[in-house]
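Undergrad: Fold the following and give me the result.
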Amino acid sequence: MSVARESRAVGISFRGLHKSFADKVALEDLNLEIDPGTFLVLLGPSGSGKTTLLRCLAGIERPTSGSIAIDGREVVGPHTFVHPEKRGLSMVFQDYALWPHLSVRKNVAFPLAHASRTKADKGARVDDLLERVGIAHLAERFPNQLSGGEQQRVALARALAADVGLVLFDEPLSNLDADRREQLRIEIATLTREVGVTTVYITHDQSEAFALADQVGVLNQGRLVQIDTPEAIYRRPVNAFVARFTGVAGEFPVDVTNACGDHRYEVELPFAREQRIEATSFESLDPQGSKSLFVRASGVSLSNSYERAGVKGHILDVAFNGRGYEHVVRVGSDAVLSKVFSTSRFERSSEVHVCFDASACFIMDPTKG
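TA: The predicted model follows:
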């Protein structure tokens with residue numbers, strides 16, 4: 001069986017949202033519009049404000065100022081505060097938050113207790129969700145009899161059982177091992193879109209964010225630094241912080257020598273001044289300011305051929321990852337590139353030719369972000 005798609009997704013609006021704890025600013029005048037049906041992932045390091053933003057949306061925290069509207073209805077404002085249970089949302093917590101004295105079936109059925117459905121309809125919906133998340137055979141067990149992955153499936157089914165248009169996820173996969181994390185990630189992505197809800201999901205894991213999201217919002221020190229599609233954030237980070245946090249193979253200072261047009265520049269590498277490469281910059285480059293080259297792992301390729309422009313490198317380490325090999329490469333005396341992928345294995349201590357793709361190498365002010 002499959003969960004029937006129900007069009008009940010809601011839009012969300014944050015206007016001038018600010019939250020302080022004593023002298024610490026957790027959110028700083030945040031403005032954000034989320035379209036109905038969007039799967040939004042909020043990405044950022046610890047202390048960036050992503051958890052505070054989610055808790056303000058859920059009604060667990062009261063913002064210091066600003067407003068929040070869900071489906072056009074203000075739930076937080078200068079003279080408004082709607083309690084969590086009246087906001088039309090459900091939440092999946094990192095620690096599952098299941099009722100220990102209720103069976104799996106009763107945990108999933110709990111949000112339907114006061115729903116305007118017949119008993120048969122409620123039972124069918126619970127059975128459908130249990131089947132869909134793969135725990136129908138565990139329906140009569142209690143949470144303490146389940147593994148972490150099984151408990152998180154119960155929490156997911158319970159969140160989707162409610163007749164709401166918004167589901168919030170508070171780092172739900174962080175306590176699971178790699179295999180269970182990947183499997184449950186697919187189920188979250190599939191199920192939330194099938195039932196037609198708006199989803200706000202927080203994580204500090206860049207690969208998880210990119211795999212799940214329609215839109216990614218990157219936060220740093222309480223500010224929303226960039227919001228866009230995963231592809232746009234990876235290919236066009238707005239500053240050094242976003243580039244670093246969404247994954248770079250290496251970063252080193254460079255001198256810009258010539259403009260090549262279409263955001264392309266020729267740069268001189270500190271470890272190979274006789275060899276220049278092209279890179280991309282979307283910033284206005286200050287001739288007197290510091291500039292660094294941020295290299296995505298996808299912007300580096302290794303070979304034994306010297307036909308293409310590149311630099312000499314030495315393999316420091318190599319690891320098999322199932323699809324191929326990830327290499328750590330030293331270029332020059334001390335610059336290092338990590339997670340350089342190749343389907344071919346280059347042995348430790350061997351010499352290689354390192355080539356750079358200009359579209360995945362960004363010239364940025366390293367102090368911005």
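
Undergrad: Please save the CA atoms from the longest helix along the chain in CSV.
TA: Using DSSP state H to define each element, the chain has its longest helix at helix 178-195. Extracted in CSV, the C-alpha atoms of helix 178-195 (Å, rounded to 0.1, in the frame of the first residue of the first chain):
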residue,chain,number,x,y,z
ALA,A,178,25.6,5.1,8.0
ASP,A,179,23.4,2.3,6.4
ARG,A,180,20.3,3.2,8.4
ARG,A,181,20.9,6.9,7.8
GLU,A,182,20.9,6.5,4.1
GLN,A,183,17.8,4.2,4.0
LEU,A,184,15.8,6.5,6.3
ARG,A,185,16.9,9.6,4.3
ILE,A,186,15.3,8.1,1.2
GLU,A,187,12.1,7.3,3.1
ILE,A,188,11.9,10.8,4.5
ALA,A,189,12.4,12.4,1.1
THR,A,190,9.8,10.1,-0.6
LEU,A,191,7.1,10.0,2.1
THR,A,192,7.0,13.8,2.8
ARG,A,193,6.6,14.5,-0.9
GLU,A,194,4.0,11.8,-1.4
VAL,A,195,1.8,13.1,1.4
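
Undergrad: Check which helices and strands it sits against.
TA: Judged by 3 or more CB pairs under 8 Å, 6 or more residues apart in numbering; DSSP states H and E, the packing partners of helix 178-195 are strand 39-43, helix 148-161, helix 206-212. C-beta: built from backbone N, CA, C; applies to glycine.

Undergrad: and the helix or strand following it, what does it pack onto?
TA: Where DSSP states H and E defines the elements, the next helix or strand beyond helix 178-195 is strand 198-203. Packed against strand 198-203, as judged by 3+ CB pairs under 8 Å, 6+ apart, are the following elements: strand 39-43, helix 50-58, strand 166-170.

Undergrad: okay, the ones you listed in TSV with mean pLDDT next?
TA: Putting these into TSV (pLDDT from 0 to 100) gives the following:
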stretch	mean pLDDT
strand 39-43	97
helix 50-58	97
strand 166-170	96
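
Undergrad: Of the ones you listed, which is nearest Gln275?
TA: strand 39-43 (35.0 Å; CB to CB).

Undergrad: Quickly run through the sheet partners of the closest one, with directions.
TA: Partners of strand 39-43 in the sheet, by DSSP bridges, are strand 198-203 (parallel), strand 215-220 (parallel).

Undergrad: Tell me where the stretch 51-200 of the chain is predicted with low confidence.
TA: Applying pLDDT under 70 to the stretch 51-200 of the chain flags no residue at all.

Undergrad: So what touches stretch 264-282?
TA: Stretch 264-282 is touched from outside by 236, 238, 252-260, 263, 285, 293, 309-312, 331-335, 356, 358-364, with contacts defined as CB atoms under 8 Å, 6 or more residues apart in numbering.

Undergrad: Which members of those residues are classed as buried?
TA: Buried positions within these, assessed by neighbour count (16 or more other CB atoms under 10 Å), are 236, 238, 252, 254, 256, 263, 293, 310-311, 331-332, 335, 356, 358-364.

Undergrad: quick one on the thing from earlier: next, the angle from the longest helix of the chain to strand 198-203.
TA: 160 degrees (axes from the mean of the first three to the mean of the last three CA atoms, to 10 degrees).

Undergrad: From the chain's centroid, how far away is helix 178-195?
TA: Distance, stretch centre to chain centre, for helix 178-195: 14 Å (CA atoms, centre = their mean, to the nearest Å).

Undergrad: hmm, back to that, so can I have TSV of the helices and strands packed on helix 178-195 showing distance to Arg73 and mean neighbour count?
TA: Formatted as TSV, these follow (distance: least, CB to CB, whole Å; neighbours: other CB atoms under 10 Å):
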stretch	distance to Arg73	mean neighbour count
strand 39-43	19	25
helix 148-161	21	24
helix 206-212	27	18
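
Undergrad: what's the closest of these to Glu140?
TA: That would be helix 148-161 among the helices and strands packed on helix 178-195, by CB to CB, at 12.4 Å.

Undergrad: For the closest one, which helices and strands make contact with it?
TA: strand 89-92, helix 104-109, helix 119-132, helix 178-195.

Undergrad: Would you mind getting the angle between it and helix 178-195?
TA: Going by the same axes, to 10 degrees, helix 148-161 makes 10 degrees with helix 178-195.

Undergrad: Name the residues that touch helix 148-161?
TA: 3, 90-93, 96-98, 104, 107-112, 125-126, 129-130, 132-135, 138, 143, 146, 167, 172-173, 175-176, 180, 183-184, 187-188, 191-192, 195, 197.

Undergrad: ok, now how distant is the most centrally placed residue in the chain from Glu194?
TA: Among the residues of the chain, the one closest to the centroid is Ala209, at 2.3 Å (CA atoms, centre = their mean). Per CB to CB, to the nearest Å, Ala209 is found 21 Å from Glu194.
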